[in-house]
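J.: Sequence below, structure please.
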Amino acid sequence: MRKLLMGFAVATFVVLCPRYEARIGPELPISPHIDPSLVPLPRGEVGVASWYGEKFQGSETASGETFDQEGLTAAHPKLPLGTRIKVTNLRNLRSTILRVNDRGPNVRGRLLDVSLAAAQRLGFEATGAARVRIKVLSYPKGYIAPAVKASELATRCVGSAS
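T.: Next up, the predicted model:
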C-alpha cells in the first residue's frame, strides 16, 4: 500500500510540475570569418622567471626546434607553442618580446623559463631569476582561445554591425 501511495504521489508531482522548454542560446554568426585581432587575450600573468642556456644548447625543444640560447624564446607550461609574449622585468621595467617554443619551467613556483639572450635583455642573467609580468601579444595562426564565449564572438565578427 505504501508503494502504491508513493507511486501515486510521484505521478501527481510530475503531472502538476510546470513544463520548461529548452532555450536556444545566442547563435554563432553564419560567417566563419572572425578577425583574430579582435579575439580577447588574457590580461597577463605575474610570477618568477628564470633562464636556461649553455647546458641545453642544441637540444630539442617541445616545438621540435633546436634550442638556441641566443634566440629570443621562452618555455611556458600552458601557452600554445608559437605564442608571442611581452615579458617585463618588474624590478627594472625592462621588457622584450619572446616566442614560446618549449614547455617548462621544471622548477616548482616558476612561471617562465627564458633563453640566455632574453635574460640579458631583461637584465637578470646575473641573478638567475626575476619577478616578471607576461602579456600575450598574439597566438599562433589558426589558434582560437578556448575561453572566448560565443556571444562575444558574435559581436566581434568581421562585417557585423556594432
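J.: Just confirm residue 118 is within a helix.
T.: Yes - assigned with DSSP: H, G, I helix; E, B strand; the rest coil, residue 118 falls within a helix.
J.: residues contacting it?
T.: Going by Cβ atoms under 8 Å, 6 or more residues apart in numbering, residue 118 touches 51, 72, 73, 74, 87, 96, 98. Where C-beta positions appear, they are placed from N, C-alpha and C, glycine not excepted.
J.: burial measure for the second one, as a count.
T.: Just to be clear, that refers to residue 72. Using other Cβ atoms under 10 Å, residue 72 has 17 other residues around it.
J.: Could you do the fifth one as well?
T.: Counted with other Cβ under 10 Å, the neighbours of residue 87 add up to 25.
J.: do the same with the fourth one
T.: Neighbour count of residue 74, defined by other Cβ under 10 Å: 28.
J.: so where do the helices sit in this protein?
T.: 2-16, 116-122, 150-155 (DSSP state H).
J.: Least confident of those, on average?
T.: When mean pLDDT is averaged over each of the helices of the chain, helix 150-155 scores lowest at a mean of 51.
J.: where in the chain is pLDDT low?
T.: The chain contains residues with pLDDT under 70 at 13-43, 145-162.
J.: quick one: buried residues of the lengthiest strand in the chain?
T.: When the chain is parsed with DSSP state E, its longest strand is strand 129-138. The neighbour-count check on strand 129-138 (16 or more other Cβ atoms under 10 Å) flags 129, 130, 132, 133, 134, 135, 136, 138 as buried.
J.: Now distance to residue 3 too, for these, in CSV please.
T.: Converted to CSV, these look like this (distance: Cβ to Cβ, whole Å):
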residue, distance to residue 3
129, 69
130, 71
132, 67
133, 65
134, 63
135, 64
136, 61
138, 65
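J.: Relative to residue 103, which of these is nearest.
T.: Ranked by distance to residue 103 (Cβ to Cβ), the buried residues of strand 129-138 are led by residue 134 at 15.0 Å.
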